[in-house]
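Participant: Predicted coordinates and the sequence they were generated for:
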Amino acid sequence: MYKLTGVTKLYHKGRRTIPAVTGLDLVIGDGEWLAVQGRTGSGKTTLLNLLGGLDRPTHGAIELDGTELAALPEPRLTALRARAIGFIFQTFNLIPTLTAAENIEAALVPLGISPARRRDRVTAALDAVGLADRATHLPAELSGGQQQRVAIARALVKDPTVVLADEPTGNLDEDTRDDIIALLEHLWRDRGLTLVLITHDTSLARRAQRTGVMNNGHLTIQPSSSPAHGAGQPNPVRHL
Amino acid sequence: MFFSTYLRRELRRRKRQSVLIALGLALGVGLVVTVAAASAGVKNAEAGVLSGLYGVGTDVTVTGPAIGTSCPSAPVSGVARPCITYGGTKPSKSEQTLQIGRNGGTQICQNARCVNAAGRTYERLTTPYQEPFSASAVAAVARLRDVTAATGVLTLVADTVSFQAKGAAAGDGSPSSGLAVGTFTVDGVPTGHTPVGPLAATTISSGHGFTAADADANVAVVDSGYAAASNLRTGSAITIRQVRFTVIGIVRQPQGSSPPDVYIPLARAQALGTATKNLGGSLTGDVNLIYVAAARAADIPAVQHEISRLLPHDIVTAAGSLASQVTGSLSDAAKLSSDLGRWVSALVLIAAFAVASLLTMAAVARRSAEFGTLKALGWRTRRIVVQVLGESAATGVAGAAAGIGLGFAGGAIIAAIAPTLSAIAPSSAIGSMHQMIQAGGTALGNQTVVVPLSPSVTTGVIVLAVILAMAGSLLAGAFGSWRIARLRPADALTIVA
């Protein structure tokens, strides 16, 4: 479970100070799907980076399952990301010189798993996203949708408790977008993940259990009436 | 496995840049290897010259004072030497002498009996131009502190004058018509094992060397060049002072400074030779050259001093002082490779390192998003740094291999096109009577030795090349790694967005 208390992130550009996130209080329950919308520059990606430990807040505290992320030294924070947090990026962020299977394996390398076990888990992950026959293809040989599937497999192969997705369908066409969202929803439901998804797409956001809107660093949470709602998933709602 | 796969693929993706970095390192390393090989070749040539002058393992030599028809007015080679004029006493009756007979013809006289020289050969075996001294001096030198070995040698010159039967029989009164004059050098050496001495620098190419049992035998070891010119082989016979010697071995010698043509046992040389000073004077128990080995290089000056005190009338020379007197294009080449060569190599290497570092840092900058993603996946900075250093090391290995190849090629080119070098060095004790007379009977002069330049790439140089290339590539990788360490994942991922 995530608990954010008075989280503020400021960026300094010369003499200017830019508040990306301001005084954010938020609780995200285990297994919850939270969608965050907002205009460009509203602080959505900053929020995601803070949740993933890729950045540290200027003020405030971020707890994940009782662990204060900002207080962790970098090696422990990195180890936490390796074990518990999966990322899905808008531009897929696959390593161009590695095959689909190797890109997925890259997520398991820090865990110290034996190569044989890694291969087994990679195979299972590729099966889960329907790309078993594309294991040896390089990213340049895959379509956008296939690349994003590989990215999803990479995020999930380590059995994380949290998946953070930053505009996962932003670079995809409509049909592919629907496929990816359906896949994400299926995997979220199947594995009981905590999913925080940033999107511009309102129709996508409505499928989440809760929707938040970022505006000038402030987050407003709105409850969402989505198919995910009432499907046995927890729904801790907290209004700012 | 993942590490090597990632490494290989990445180098392939940046093939052009990787090749450029490797080539830059190869150029720098190749230059270092070439200069080192040339330096080694020059040093080997210098060592060859000096070992020819001195013999392997010799640190100090002792020679008797020079004998000349007149004493030089100024010191020779900057060293004041005792000088004894030639003239001597009347030769003994047993010694051969040449005389002009009453009819004007040339006669060879020995043991109070003279015969017409026609059809005969006059032979003389003498010390060239050093005063001999007692072989007991060798033992005294060997007992000195810091001296590990001392070997006494009797250097002699065999002059032969062969008279044709027809010219002399015609009685034309000209002693010089119908003559065949020959000269060869003879060293009388101890026949037991000697760690220093003229034979220490030789290698047997046929037959065998002396043994202790040969001390009084009429056996000889012959220089390979002299053997070829005189059509000698193992088992052949040569005549020295009318005594027949059997060739038991043929040796190859460094052509540093007129190495002797023939080696015979010291006792036989002492018995057959005569002192130049008083022609016919016995050389029994005498030597005229002592080779000395010091315990350590640092002891050489002290050894030189002690021997000078022990033998105040004799000439004591250290190899180092002789080395400093070597001039000519060989020493110029040594200075060139040492000074200019090293500086140029260092500059090229620094340039290669700088280019490699800049290119690696640029590559890391271009891969910021990739490294940010890896950090997001949970890769520690250390693991990413190891990956980058691995890529740099692989480039370094390629650079080292290419550099060594370039170095070998450079050495081969130098060997092919480099002019033959010459070394002008003070003469050693060996010289013929003709040389002495032509030199006006002066003491040690200079002689020019021609040496080929053979660059040699040693194992040490190859190891140095590998270390330099790896150092350069890892330095480049370190700069890149520093950049990675400073990389914040959020910033790196923002670049992609």
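Facilitator: It's in.

Participant: For B:Gly273, see how far away B:Val243 is.
Facilitator: According to C-beta to C-beta, to the nearest Å, B:Val243 stands 11 Å off from B:Gly273. All C-beta spots, glycine's among them, are computed from the backbone N, C-alpha and C.

Participant: Could you do B:Gln17 as well?
Facilitator: For B:Gln17, the distance to B:Gly273 equals 75 Å [C-beta to C-beta].

Participant: Give me the more crowded residue out of these two.
Facilitator: Per other C-beta atoms under 10 Å in any protein chain shown, whichever of B:Gln17 and B:Gly273 has more neighbours is B:Gly273, with 29 against 17.

Participant: got a list of what the more buried one touches?
Facilitator: With C-beta atoms under 8 Å, 6 or more residues apart in numbering or on different chains as the criterion, the residues that contact B:Gly273 are B:Leu125, B:Thr126, B:Thr127, B:Leu154, B:Leu156, B:Val186, B:Gly188, B:Arg241, B:Leu283.

Participant: Let me know the closest of these to B:Ala135.
Facilitator: Closest approach between these and B:Ala135, by C-beta to C-beta: B:Leu154, at 8.6 Å.

Participant: Count the neighbours of that closest one for me.
Facilitator: 25.

Participant: you'd agree it is up against B:Gly285?
Facilitator: No: at 10.0 Å, B:Leu154 and B:Gly285 do not qualify as touching, with contact defined as C-beta atoms under 8 Å.

Participant: list residues touching both of those two?
Facilitator: B:Gln270.

Participant: hang on, the earlier thing: in CSV: the contacts of B:Gly273, plus distance to chain A, secondary structure and pLDDT.
Facilitator: Below are these laid out as CSV (distance: C-beta to the nearest C-beta, whole Å; DSSP: H, G, I helix; E, B strand; the rest coil; pLDDT from 0 to 100):
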residue, distance to chain A, secondary structure, pLDDT
B:Leu125, 83, strand, 86
B:Thr126, 83, strand, 85
B:Thr127, 81, coil, 83
B:Leu154, 78, strand, 91
B:Leu156, 79, strand, 90
B:Val186, 76, strand, 92
B:Gly188, 76, strand, 94
B:Arg241, 85, coil, 88
B:Leu283, 84, coil, 84
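
Participant: Just send those back as TSV, with distance to B:Glu370 too.
Facilitator: Formatted as TSV, the contacts of B:Gly273 follow (distance: C-beta to C-beta, whole Å):
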residue	distance to B:Glu370
B:Leu125	86
B:Thr126	87
B:Thr127	84
B:Leu154	81
B:Leu156	82
B:Val186	80
B:Gly188	80
B:Arg241	89
B:Leu283	87
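
Participant: Next, give phi and psi for the closest residue to chain A within the stretch 301-450 of chain B.
Facilitator: Closest residue of the stretch 301-450 of chain B to chain A, C-beta to the nearest C-beta: B:Gly378 (2.3 Å). Main-chain torsions, B:Gly378, degrees, to the nearest 10: phi 110, psi 10.

Participant: contacting residues around the closest residue to it other than its chain neighbours?
Facilitator: Nearest residue to B:Gly378 in three dimensions, chain neighbours excluded: A:Ala82, at 2.3 Å (C-beta to C-beta, 6 or more residues apart in numbering or on different chains). A:Ala82 makes contact with A:Ala107, A:Pro110, A:Leu111, A:Lys158, B:Leu377, B:Gly378, B:Trp379, according to C-beta under 8 Å, 6+ apart.

Participant: Please identify the helix or strand for A:Ala82.
Facilitator: Assigned by DSSP states H and E, A:Ala82 belongs to helix A:74-84.

Participant: and the next helix-or-strand element following that helix, what does it pack onto?
Facilitator: As assigned by DSSP H and E, the chain's next helix or strand after helix A:74-84 is strand A:85-88. Applying 3 or more C-beta pairs under 8 Å, 6 or more residues apart in numbering or on different chains; DSSP states H and E, we find strand A:85-88 packed against helix A:144-156, strand A:162-166, helix B:368-377.

Participant: Quickly, which of these bottoms out on average pLDDT?
Facilitator: Here these differ in mean pLDDT, and the lowest is helix B:368-377 at a mean of 90.

Participant: do the following helix or strand past that helix and chain A meet?
Facilitator: Downstream of helix B:368-377, the first helix or strand assigned by DSSP H and E is helix B:381-417. Yes: residues of helix B:381-417 contacting chain A under C-beta under 8 Å from any C-beta of the partner chain: B:Thr381, B:Arg383.

Participant: now for helix B:381-417, which elements pack on it?
Facilitator: On a contact count with 3+ C-beta pairs under 8 Å, 6+ apart, helix B:381-417 meets helix B:2-13, helix B:15-54, helix B:340-366, helix B:368-377, helix B:459-486.

Participant: Would you mark the buried spots in that helix?
Facilitator: Across helix B:381-417, burial judged by 16 or more other C-beta atoms under 10 Å in any protein chain shown covers B:381, B:384-404, B:406-408, B:410-411, B:414-415.

Participant: Over to stretch A:111-128?
Facilitator: Buried residues in stretch A:111-128, counting neighbours by 16+ other C-beta under 10 Å, are found at A:Arg118, A:Arg121, A:Val122, A:Ala125, A:Leu126, A:Ala128.
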